[in-house]
Each structure stands twice: as C-alpha cells, then as structure tokens.
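S.K.: Fold the following.
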Amino acid sequence: MRNGDTRVRGLAARAGGWSARHRWAAVGIWVLFVVLAMGLGSAAGRVDVKDSDQLKGETHTAAKIIEDAGIDEPAGESVLIQARDSGGKATDADFRAAVAAVVKAVEGTGKVTDVTSPYDTNTISKDGRSALVQFDMRGDADTAGERVEPVLKAVEGVQEEHGSLRIEEIGGASMMKTFDDAFGDDFQKAELSAVPVALGILLIAFGALVAALLPVLLAVSAIMATMGLMGVVSHVMPMSDTANSVMLLVGLAVGVDYCLFYLRREREERQAGRDSQTALRIAAATSGRAIIVSGVTVCVAMAGMLFTGLAEFEAMGLASLMVVAVAMVGSVTVLPALLSLLGERVEKGKIPFLHPESRLRRKRGAKRESRFWTTVLKGVLAKPVVSVVVAAGALLAVAAPALGMKTQNLTLDQEFGDSLPIVQTYNRVNDAFPGGTEPAEVVVKAADINAPEVTGALADFKAKAISSGASRGPVEIKLHDAQNLAFVYVPLVGGSDLDKAGESLDKLRDEVRPATLGKVDGVEAPITGQVAGSKDFNDQLAGAVVPVFAFVVVFAFVLMLLSFRSLTVAITSIVLNLLSVGAAYGILVAVFQHGWGASLVGAEGVGAIITWLPLFLFVILFGLSMDYHVFVVSRIREAHLRGRSTKDAIQHGVVTTAGVVTSAAVIMVAVFAIFGTLSMQSMKQMGVGLAAAVLIDATIIRGVLLPAVMALLGERNWYLPKWLHRLPDLTHDEAPDAVAAPVARDDEGEPLRV
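M.R.: Numbering: from 1, shown residues only. Just a heads-up that it's a prediction; the model follows:
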C-alpha cells in the first residue's frame with residue numbers, strides 16, 4: 001500500500017485494502033459465492049423441523065411414538081349445531097333433522113371420513129342445546145386446508161336450510177384455510193415492503209440513488225446466499241419457515257446497517273477533502289473494524305438460541321447467525337471493491353435538496369455534525385449526573401411493568417380477537433364443550449393394545465378422567481390395532497383458559513394416569529395436545545433462560561473487553577444493553593398485557609406476552625444494539641487516541657455518528673414496525689417490541705446515557721487492570737500513521753490516527 005508504506009495491521013483494514021486493489025476479483029468471488037450457495041441450497045433442498053423434534057418431554061415422546069408407528073393423524077373437523085334460543089334442544093325434531101342433513105352433506109363431498117353423529121358419540125352439551133358432528137379430512141393433515149372448501153360450502157348449505165339453528169364448522173383444516181385466506185399474504189407483504197421502505201430511507205439519508213442502492217443490494221445478496229446455506233445446513237440441523245422469516249428480518253436490518261456505517265464514513269472522508277483511496281482506507285480501518293466487532297458480537301448473541309434445546313429456536317438462532325456473518329463478510333470485502341470501482345460515481349442519481357452538495361452550496365464550510373445532537377450533547381455533558389439520573393430513572397420506570405410479565409401461548413381469541421367468524425365459533429364450542437376444540441391427547445402404546453388388562457385400564461382412565469374433575473367428557477378412544485396404539489382424546493375443564501386447562505392437564509398426568517394406565521406393565525402413555533405442548537414448551541423455555549442469558553452476557557462482555565481493552569467500556573456496554581432490553585419488556589407488558597395505549601398501535605391488551613418472545617427479544621436486541629454501541633464507542637475512542645480529552649472525544653464521537661446511527665435506527669424501526677401492522681397479536685408484539693427497543697437504544701441510550709456515563713467516568717473509561725494486560729490486543733487495525741497519507745487531517749488540522 002502506498003502513501004506511507006506502513007505495514008497494515010488488522011483484519012478489516014487488510015480485507016478492505018486487498019478488495020480495493022483486486023476489485024474485480026473481490027466482486028467476482030462474492031457473486032460466485034452467492035450463486036454457489038443458492039445452487040447448492042436448491043439442489044440439497046430444505047429439511048424442516050419435525051413435530052417430534054419440536055419439544056422435549058412428553059410432547060416429544062408422544063410425537064416420536066406416532067412417527068415411528070407411521071401414523072399420519074388426519075385433520076379433525078367438527079360442526080357445531082346449536083339452538084339459537086334457550087328453548088331449543090338436541091332432542092327436537094328439527095335439530096335431529098339438521099344433524100342428519102349435516103352428516104349427509106359432508107359425506108357427500110367425498111373429502112371426509114369417519115363421520116360420527118352426536119347421538120352415537122354423546123357429543124351433546126350439558127344443557128342439551130348444542131351438539132357436534134365430528135369427522136376427519138382425507139389426505140395429509142398439513143394440506144387439509146387446501147381441500148376443505150367443498151365441506152365448508154356443504155355446511156353453509158345446511159345452515160341456509162335451518163335458519164332457527166346455528167350451524168358452523170371448526171377444526172384444523174377450516175382454521176388453516178381461514179388463516180391462510182385472512183393472513184397468508186401478511187408475512188409476504190411485510191417482507192416485500194421492507195426492502196422499498198429501507199431504500200426510501202436510504203435515499204433520504206444519502207441523497208443519491210447509487211449510494212442508497214448499494215446497502216440494499218448487498219443485504220439482499222447476503223439474504224439470498226444465506227437462504228441457500230440454510231438448505232445445506234438443514235440436513236444437519238433442520239430449519240423452518242419461522243427461521244426463514246427471522247433470517248430475512250435480521251439480514252435486512254444488519255446488512256443495510258453495516259453497509260451504511262462503511263459508506264457514510266467513506267463519504268465523510270471524501271467530503272473532508274481526502275482522495276477516494278485514502279477515504280476508503282480510513283473507512284476500512286475504522287468502520288470496517290467496528291463492523292467486525294459488532295458482527296461477531298451479534299453472532300455470539302444469536303448463538304445463545306442454540307442453548308434452548310428447542311428446535312424452532314435453534315433453527316432461528318443458526319439462520320440469524322449465518323446471515324449476520326455473511327452480511328459482515330460482504331460489508332468488509334465486496335463493498336470496498338464496489339466503492340473502489342465506482343469512485344465518484346457512487347454519487348450518481350443525486351436527488352435535489354437531499355444530496356449533501358445541495359446543502360453545502362447553501363452554507364459552505366458548515367460542519368457535518370447534527371445540530372440537534374450537538375445541542376443535546378451540550379446539555380448532557382454540562383450536567384452528566386442529572387442526565388444519568390433522569391434518563392436511567394425514566395427507563396427504569398418504563399421497565400417496571402416487566403416485573404409482572406405473564407407469558408403463555410396465545411389462544412385463538414387472544415391471537416386474532418373477534419375479527420374472524422371462526423373465532424366466535426371457537427368460543428361457542430369452548431363454552432358448550434370446555435376443552436373440546438383443544439383436547440388433551442393420550443398416546444397409549446402397549447405390546448398388545450387389545451389385551452384385557454390394557455382395555456380395562458383404558459376404560460378406567462376414561463371414567464376417572466371425568467370423575468376426577470379434569471374433564472366433563474365425552475372422552476373418545478381410537479384404536480390402531482395394527483400398531484398396538486390407542487389415542488385417547490380428553491376435553492379439558494378450563495377450555496381456552498390455559499391456566500385452568502393446565503390444572504386439568506396436571507390432574508391427568510399426576511393423578512389419573514398413574515392410577516389407571518400406569519399400573520399396567522410395559523404401557524407408555526405420554527399426554528400431548530395444545531395445552532400439553534404449551535406447558536412443555538414453557539417448562540423447557542424456563543429452564544433455558546438462565547444458560548442463554550449467561551452465555552450471551554458473558555461472551556458479549558469478553559468480546560467488548562478484547563475489542564476495546566477496557567474493563568469499564570465492557571461493563572457499561574452490558575449494563576446499558578440490559579437497560580434497553582428491560583425498557584422494551586416494560587413497553588410490551590404495558591401495551592399487550594395491560595392494554596395501556598394498545599389502540600395507538602392497533603393492538604389489544606390480551607393479558608399475556610406470547611411465551612417465546614421475551615427470550616427471542618433478548619437475544620435479538622442484545623445483538624443488534626451492539627451495532628450502535630460499537631460504532632459510537634469506536635468513534636469516541638478514535639478521537640481520544642488522536643489526543644482529544646475524553647469529554648471532547650465524546651462530543652466528537654456522538655455528533656459525528658448521529659447521522660448514520662439515526663439513519664440505521666430509522667431503517668430498523670421502520671422494518672420492525674411493518675411486522676407490528678400484521679393482524680396476529682404475536683407478530684404485533686414482536687414488531688412493537690423490536691421497534692421500541694431500537695428507538696430507545698439509538699436515542700436515550702446512545703444519545704444521553706452513554707455520553708453522560710462516559711463523561712462522569714472520564715479517563716477511567718479506558719481502565720484495564722494490570723492483571724488483564726496479557727489479554728490479546730484487538731484494539732487497533734493499523735499503526736496510527738498508516739491510515740492516511742500525511743495530508744489526511746481532520747477538521748481541526750490534526751493528523752488522523754486510529
């Protein structure tokens with residue numbers, strides 16, 4: 001490298017320098033990598049997480065027994081026939097006629113099997129006003145929603161002929177179809193709209209089309225490569241659609257952010273009068289290094305999900321880790337090559353009044369610093385104690401509701417409210433037949449399912465399930481003689497109230513089963529179902545919280561310690577990130593659990609936070625918040641190494657990064673907020689939680705608390721005990737004078753040092 005010929009130190013600077021010198025090779029290698037990854041992924045195909053691998057415990061055992069037996073459980077459907085007035089009964093002639101008409105109509109479609117009349121199975125409510133015709137859909141349960149429409153139309157036809165009764169269908173297939181029709185395009189629209197939203201914000205930030213397109217193109221190419229890699233990796237660790245959606249979300253956010261950091265620094269140096277190559281070297285040694293530190297920290301945070309033992313979380317963690325790693329590598333390799341190729345052409349497609357040159361024409365010599373943040377910083381640094389007390393106090397107050405957080409898997413009515421007719425049907429069925437829509441399923445495996453002692457135990461279990469108060473019945477038993485299995489379906493008292501239904505489940509598991517099936521040698525009888533799955537998931541997730549939190553916090557601390565060689569910086573980084581996450585938790589609980597201000601975001605207070613979200617948010621937010629923290633602290637440290645006082649370095653570091661941090665935060669908030677517009681409450685919770693946390697992190701944390709705390713600490717910010725001096729030194733990428741030619745000086749005329 002010319003301009004000083006001092007040996008380059010550091011991965012980011014070396015990668016950027018090599019890419020700039022071998023730009024066509026760097027671009028070609030990146031394109032080849034993306035194409036190969038997509039091709040290999042397409043050829044390998046994606047292996048998705050199996051039901052039997054979703055959870056541990058009894059739910060896993062039951063799914064494994066069913067899978068090993070080769071039984072494909074069909075999608076079960078029910079038709080509710082209910083008298084509209086209190087005087088109508090299931091014994092009435094018109095009621096019986098309606099039941100017969102429903103049975104005939106659904107059988108006539110040829111799409112169903114095992115149709116049962118309520119008069120044969122005693123599926124008549126306690127008050128005698130409601131009855132259920134039950135049947136199974138033919139074919140694969142996963143695709144039953146695609147075949148259920150003729151059955152739904154047949155039931156609608158019976159309803160038209162019997163207006164005095166309420167006749168409605170509900171079940172796995174009908175709910176699948178309803179959700180696909182109502183919300184199936186929601187995710188796709190959200191994912192597709194995220195790209196133009198990000199591009200629009202970048203156009204405003206850069207004022208030039210080419211500069212705005214670069215981050216989006218690199219982020220999209222990183223996502224495409226990761227999708228291919230997911231297919232290959234899925235043969236070792238299965239993936240899922242959820243993991244794919246999370247990967248898209250994280251990939252777009254970090255991919256755009258990393259490129260934004262790099263590109264803004266390169267542009268800033270050129271606007272300071274440095275030539276393109278010098279500006280590129282400075283960007284590589286400064287922003288490039290910050291990207292690597294941030295990317296590795298985010299990857300470590302995402303890896304925390306691998307310790308949950310939950311297949312879905314493991315898939316999300318690995319997919320997110322891969323896309324962050326790919327985006328990080330692309331940002332420090334192919335981006336410098338593209339910038340070297342484009343040169344001044346990166347400013348092509350200038351947008352009037354938005355491009356920096358347009359603003360500079362109006363006011364030559366103006367400093368490229370944020371006036372707003374300059375004003376804020378002036379007040380913060382003048383009274384740092386007051387700033388810390390006020391900002392930290394406000395965030396602790398916002399976080400306070402999180403102390404009463406309640407988590408559970410949301411029921412159908414909590415997830416969708418009353419916006420869908422099928423939700424009202426769900427509620428009516430649960431009122432008439434508590435637990436009928438989501439019964440517990442006991443999978444009984446025996447050497448001989450028809451042995452007298454086994455059939456006797458099944459009968460005892462059926463009777464005791466009702467007498468114990470766990471169920472009001474009817475309890476249904478389905479035998480699979482060839483596989484020596486029996487499926488026992490037990491409607492749980494409590495219905496859609498998961499707390500009460502959970503108590504009924506505990507009675508089945510702890511009292512009824514040991515006293516009946518548990519007395520027969522060689523019999524396995526794990527209990528699964530919606531309520532059981534929710535409980536097993538909660539139990540496993542609760543056990544994973546401590547190791548995941550510990551892993552993420554400890555490794556993030558170590559990485560910050562090695563990257564900045566400062567015990568103080570490492571500690572404050574962790575504390576500030578935890579405060580940011582706590583505030584996001586508080587907002588979630590206030591809005592979605594208590595309903596405070598829920599209408600402002602188009603949500604409802606549903607009394608709980610969906611089970612998987614707190615841990616998911618912690619991992620994602622702890623990783624993403626490092627983007628801003630590393631970038632801002634790196635700039636502060638850079639200014640301090642050039643000889644500025646700590647206070648001046650803080651002022652310089654925060655105000656010069658304000659523009660890029662604001663742009664990055666606006667993009668993240670906008671992308672996450674899109675998911676907050678979806679109809680599902682769980683997706684609203686995720687979108688609002690992520691958007692709120694990023695907004696808090698980029699403003700109160702990085703703009704007020706971080707500078708105030710660093711101002712109070714002064715030179716102690718850079719404290720490292722002597723016994724830690726032997727740690728690896730990862731703080732500098734280049735020798736100070738190697739970053740730029742002798743003419744490269746900052747606005748005050750000082751030589752730029754890194």
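
S.K.: Residue 471: helix or strand, and which one exactly?
M.R.: Taking DSSP states H and E as the definition, one finds residue 471 inside no helix or strand.

S.K.: Can you tell me how far it is from residue 282?
M.R.: According to C-beta to C-beta, to the nearest Å, residue 471 stands 71 Å off from residue 282. Heads up, the C-betas are built off the backbone N, CA and C, glycines and all.

S.K.: tell me the contacts of the residue nearest to the spatial centre of the chain?
M.R.: Centrality entry for the chain: nearest residue to the mean C-alpha point is residue 246, 5.1 Å, by C-alpha atoms, centre = their mean. By C-beta atoms under 8 Å, 6 or more residues apart in numbering, the residues touching residue 246 are 316, 319, 320.

S.K.: which parts of the helix or strand hosting the first one are buried?
M.R.: This points to residue 316. For residue 316, the enclosing helix or strand under DSSP H and E is helix 311-342. Of all the residues in helix 311-342, those buried under the rule 16 or more other C-beta atoms under 10 Å are 311-340, 342.

S.K.: Sketch out the low-pLDDT regions of the stretch 351-500 of the chain for me.
M.R.: 353-370, 418-419, 436-437, 496 (pLDDT under 70).

S.K.: quick one, helices of it?
M.R.: All helices of the stretch 351-500 of the chain, identified by DSSP state H, counting those that start in this stretch, fall at 356-362, 371-382, 384-399, 412-416, 421-432, 452-467, 498-507.

S.K.: what inclination does the second one have with respect to helix 384-399?
M.R.: Right, the one you point to is helix 371-382. Using axes from the mean of the first three to the mean of the last three C-alpha atoms, to 10 degrees, the direction of helix 371-382 lies 110 degrees away from that of helix 384-399.

S.K.: shouldn't residue 324 be in contact with residue 301?
M.R.: No. Assessed by C-beta atoms under 8 Å, residue 324 is found out of contact with residue 301, at 9.1 Å.

S.K.: where do the contact lists of these two overlap?
M.R.: residue 623.

S.K.: List the contacts of stretch 614-622.
M.R.: 250, 301-302, 304-305, 308, 313, 316-317, 320, 405, 407, 541, 544-545, 548-549, 552-553, 556, 577, 580-581, 584-585, 588, 686, 689-690, 693-694, 697.

S.K.: chain center to that stretch: distance?
M.R.: On the basis of C-alpha atoms, centre = their mean, to the nearest Å, stretch 614-622 is displaced by 8 Å from the centre of the chain it belongs to.

S.K.: Quick one: mean pLDDT for it?
M.R.: For stretch 614-622, mean pLDDT rounds to 87.

S.K.: same question, stretch 215-227
M.R.: Mean predicted confidence for stretch 215-227 is 92.

S.K.: what's the answer for stretch 158-178, then?
M.R.: Stretch 158-178 comes out at a mean pLDDT of 89.

S.K.: now for that stretch, what's the gap between its first and last residues?
M.R.: One end of stretch 158-178 to the other measures 20 Å (C-alpha to C-alpha, to the nearest Å).

S.K.: Run the angle between the host helix or strand of residue 260 and helix 311-342 for me.
M.R.: Take DSSP H and E as the rule and residue 260 turns out to sit in helix 241-271. Going by the same axes, to 10 degrees, helix 241-271 is angled at 30 degrees with respect to helix 311-342.

S.K.: Name the next helix or strand downstream of helix 241-271, please.
M.R.: That would be, after helix 241-271 and using DSSP H and E, helix 276-285.

S.K.: Against which helices or strands is that following helix packed?
M.R.: Packing partners of helix 276-285 (3 or more C-beta pairs under 8 Å, 6 or more residues apart in numbering; DSSP states H and E): helix 11-21, helix 241-271, helix 311-342.

S.K.: list the contacts for residue 629?
M.R.: With C-beta under 8 Å, 6+ apart, residue 629 has these contacts: 573, 576, 577, 701, 702, 706.

S.K.: The same query, at a cut-off of 7 Å, please.
M.R.: 573, 702 (C-beta atoms under 7 Å, 6 or more residues apart in numbering).

S.K.: Would you mind measuring from it to residue 222?
M.R.: Residue 629 is 22 Å from residue 222, by C-beta to C-beta.

S.K.: same deal with residue 700?
M.R.: Residue 700 is 30 Å from residue 222, by C-beta to C-beta.

S.K.: what do you get for residue 165?
M.R.: Relative to residue 222, and taking C-beta to C-beta, residue 165 is found at 57 Å.

S.K.: Comparing the two, which shows the higher neighbour count?
M.R.: Neighbours per residue (other C-beta atoms under 10 Å) separate residue 165 from residue 222, with residue 222 holding more: 31 against 25.
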